[in-house]
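J.: For reference, the sequence and a predicted model appear below.
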Amino acid sequence: MAEAHLSPRIIPDRLRSRSSRALKSWESLLLVVALLIFAFNSFASPYFLDPWNLSDATFNFTEKALIAFAMALVIISGEIDLSVASIIALTSTAMGLAVTMGADTPVLVLVGLGTGLLCGMVNGLLITGLGLPSIVVTIGTMSLFRGLSFIILGDKAYTGYPESFAFFGQGYVWWVFSFELALFVVTAIVFGVLLHKTNFGRSVYAIGNNQTAALFSGVRVGRVKFILFLLTGLMAGIASICLTSRLGSTRPSIALGVELEVVTMVVLGGVSILGGSGTIPGVVLAAFIMGMVTFGFGLLNVPGIVMSIFIGVLLISVIALPILWSRARRRMAH
Amino acid sequence: MLQETTPLRMKPAITLEGISKSFPGVKALSDVSLSLYPGSVTALIGENGAGKSTLVKILTGIYQPDGGTIRVNGIETQFPTAMAASRHGVTAIHQETVLFDELSVAENIFLGHAPRNRFGLIDWKTLNGNARELLARVGADIDPTIRLRDLGIANKHMVAIARALSIDAGVVIMDEPTAALSHKEIHELYELIDRLKADGKAILFISHKFDEIFRIADRYTVFRDGGMVGEGLIADVDQDRLVKMMVGRDVGQVFPKVDVDIGEPVLTVSGYRHPTEFEDIHFELRRGEILGFYGLIGAGRSEFMQSLIGITRPSAGAVKLDGKVLVIRSPAEAIEAGIVYVPEERGRQGAIIGLSIFQNVTLPSLHRTSRSGFLKLANEFALAREYTQRLDLRAASLDQDVGTLSGGNQQKVVIAKWLATQPKVIILDEPTKGIDIGSKAAVHAFMSELAGQGLSVIMVSSEIPEIMGMADRVIVMREGRIAGRFERSELTAEKLVRAAAGIVEAA
């Protein structure tokens, strides 16, 4: 009956203002962390604050972040896509193959987008059409897509991309702002709007919190999930165009292990690995943090293997911390 | 071994005294007492929701009673865990037996107490030998080494019973053991129960079927609304008396039923069938009508309703809404057509915990509150406020997670969600199950109001007072078929119970 006292006849929309809620969020914590790392880096290395160096630093996260935005939606819906790095490889291989057949830049872009979409469609059909668990399907396609690249390429590499193709990975839109950074900003806005401002985004949250109830409520669960895997494939295709363009070559081992960095970025951004919650601004901040840490390590001459250890520790901590935190809170409540 | 045949002179194997158990908003059991005697079968009888399952869970250590004592062979004890109950020789065989499909029959029988060899590993030879012996004792011809999943439901029951014998249980609880069995298998089960009796087991037998109660039980105990309303020897009662005890109650609830002019048919269902769940369902639903669907749990009511909204596909059948033939392949299409289903399992199928109240309410109506696919929060809050207020929701704000509400208020949110789609037909599946009395009244009042406004309501309910209090017409389902149709004027509790239990003639 305690409820009766609290409840006025007219139920207010909100009790706490948006600003007070924002202050206590995971995103504001990430912002503080990002600022600390930024400050640390600028003290640790005199080269850090140089605009061109900072611009270079963005390449550490832009391609991965493009995929992370789509992956965030997939994970919020309660699924996962571990095949993204292999989609990059297969897409890059397809573009390389197209180059040997004399394709020029516009065709290469179409091949890249098309291959990404096709891979996403394979994942989506297996998961929503046959009702298979996404973790199993995408571990399978992870091997499959990368395996196809190895069969096509062997130990060779495709080079000889046209000069105009280099723009996507090496071009600048204005001053120090690269094409990739611009694409990152645009994609962040598009996915932010899609997740937070549309019916589709609401459906994604509904599915992630309770798929059965969402279905009963008229959410077309299969269709939504299919679109999510399609989008992830497409974003991996776009990331592959950027990466291939930046490297100027394709090897079958391209982007090996990137799926883990993408998942880490998403989870660090506050997306629950169990589905149902998370935001795009969180993922944007996580992308900055991971990019700056990588760059800082580079400036300090930390070897790559340490970076890999760091990613592993980070992934485990960001998954474990919220769980430990809520357990500790429950214990305090007792 | 010779057994005393009159159980009353014997000491009970287990005694419950003054057991009470409450859940938030519901009193499941109040001051219940029950004794089970060695070599005797006690039938536990009661409507759905009378508290039988709660009692079984207390007996098997799954729930802890709020008050009362449990005595095993006269010694007061407690069952803090399922393990403890099992150590005291209490075992249960459930409707859906809780066994492990991927393990062998012998492993299932001895799970947790398998014989070990001197290295501490499982002694497979003894295990299979002992299992074979136990299976022979229950009269089941089953190879103990095959995997459980390869057995039929009847044989799984046999394995469960063999498991009960393996822990040397003195008390065996059988919770509707015949629900999924064929005629012949039921017969074999009866013989087995006779053998268990001869072995001196105390048996608690839960069933809705009177023929088997009279065939197998020595004693009876009747529950109603969480209390015990009668007990004694089966030889001293007849079916009529038992039915009256089950349903006869002082009407403590007043139902806000309003007389409504019932209009033309809105929904016509004909020839609906499904390979396993239901058969030959046909009926008409009229404007402003509340049509009750009564039946026992597992009668196929929910399965049928869910196939109406496209969750499962029927194998045949036609649906007409306002005279137009409809093909519904998904809940989305059902909502679009104007048929909504408020599911029984609020937590699993109804409320989306993690989303706020307003997000829950507007989820099926987003196409109306949004503009070209983009959310319009102001419209959402307006819609959510309108419907939650009509249902008298108690909440601090519309932005609050629906998981922070009480069960009754969650149910209001869930009903508001489907009403906000402005349906022509609303199907409410157990709309007041497990919610407090105040919320129940609000839901009932609202149901009346809706019918008054010309909405057609189908109300699936296993609660007789609710059916009698709210429905204009009642269809009773039994084992997937329609077992009776009653107008409000001819409705009696006895008729409903008889139709649902499949009792043809008055005894």
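T.: Structure received.
J.: Give the residue spans of the chain that score low on pLDDT.
T.: Using chain A here. A:1-9, A:23, A:326, A:329-330, A:332-334 (pLDDT under 70).
J.: look at chain B instead
T.: Along chain B, segments meeting pLDDT under 70 span B:1-9, B:24-26, B:48-49, B:95-98, B:179-183, B:248-254, B:434, B:436-438, B:504-507.
J.: Give the burial count for whichever residue of it sits closest to chain A, as a bare number.
T.: Distances between chain B and chain A by C-beta to the nearest C-beta are smallest at B:Gly354, namely 3.5 Å. The way it works is simple: take the backbone N, C-alpha and C, and place the C-beta from them, glycine included. By other C-beta atoms under 10 Å in any protein chain shown, the residues close to B:Gly354 number 19.
J.: again with the one 4 residues further on
T.: Close neighbours of B:Phe358, defined as other C-beta under 10 Å, add up to 27.
J.: what's stretch B:476-486 in contact with?
T.: By C-beta atoms under 8 Å, 6 or more residues apart in numbering or on different chains, the residues outside stretch B:476-486 that reach it are B:274, B:277-283, B:293-296, B:299-301, B:303-304, B:473-475, B:495-496, B:499-502.
J.: At the contact with chain B, which residues of chain A appear?
T.: Within chain A, the positions lying close to chain B (C-beta under 8 Å from any C-beta of the partner chain) are A:3-4, A:6-7, A:9-15, A:197-203, A:205-206, A:208-210, A:212-220, A:276-277.
J.: rewinding a little: filter the contacts of stretch B:476-486 to the buried ones?
T.: Buried members of the contacts of stretch B:476-486, counted by 16 or more other C-beta atoms under 10 Å in any protein chain shown: B:274, B:277-279, B:281, B:283, B:293-296, B:299-301, B:303-304, B:473-475, B:495-496, B:499-502.
J.: Among those residues, name the ones in strands.
T.: Residues of the buried ones among the contacts of stretch B:476-486 located in strands (DSSP state E): B:Ile281, B:Phe283, B:Phe293, B:Tyr294, B:Gly295, B:Arg473, B:Val474, B:Ile475.
J.: you'd agree the residue of chain B closest to chain A is up against A:Ala213?
T.: No: with contact defined as C-beta atoms under 8 Å, B:Gly354 does not count as touching A:Ala213 (10.2 Å).
J.: Please point out which parts of stretch B:308-315 sit buried.
T.: Buried residues in stretch B:308-315, defined by neighbour count with 16+ other C-beta under 10 Å: B:Leu308, B:Ile309, B:Gly310, B:Ile311, B:Pro314.
J.: Reformat those as JSON lines; add distance to chain A.
T.: Shown next, in JSON lines, are these (distance: C-beta to the nearest C-beta, whole Å):
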{"residue": "B:Leu308", "distance to chain A": "12"}
{"residue": "B:Ile309", "distance to chain A": "8"}
{"residue": "B:Gly310", "distance to chain A": "10"}
{"residue": "B:Ile311", "distance to chain A": "7"}
{"residue": "B:Pro314", "distance to chain A": "18"}
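J.: Out of those, which sit inside helices?
T.: B:Leu308 (DSSP state H).
J.: Any idea which residue of chain A lies closest to chain B?
T.: Here chain A gets closest to chain B at one residue, A:Asn209, 3.5 Å apart by C-beta to the nearest C-beta.
J.: Not counting sequence-adjacent ones, nearest residue to that residue?
T.: B:Gly354 (3.5 Å; C-beta to C-beta, 6 or more residues apart in numbering or on different chains).
J.: Who are the contact partners of the one you found?
T.: Listed by C-beta under 8 Å, 6+ apart, the contact partners of B:Gly354 are A:Tyr205, A:Gly208, A:Asn209, A:Asn210, A:Gly276, A:Ser277, B:Asp401, B:Gly403.
J.: Can you mark which positions in stretch A:17-30 are buried?
T.: If you call a residue buried by 16+ other C-beta under 10 Å, then stretch A:17-30 has these buried ones: A:Trp26, A:Glu27, A:Leu30.
J.: all strands of chain A, in order?
T.: Secondary structure of chain A (DSSP E): strands located at A:172-174, A:177-178.
J.: Mean neighbour count added to these, as CSV?
T.: Compiled in CSV, the strands of chain A are given as follows (neighbours: other C-beta atoms under 10 Å in any protein chain shown):
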stretch, mean neighbour count
strand A:172-174, 12
strand A:177-178, 19
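J.: Would you mind giving the ones you listed as CSV with distance to A:Phe59 added?
T.: Supplementary listing: the strands of chain A in CSV, determined by distance: least, C-beta to C-beta, whole Å:
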stretch, distance to A:Phe59
strand A:172-174, 12
strand A:177-178, 7
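J.: Nice, that's everything, thank you.
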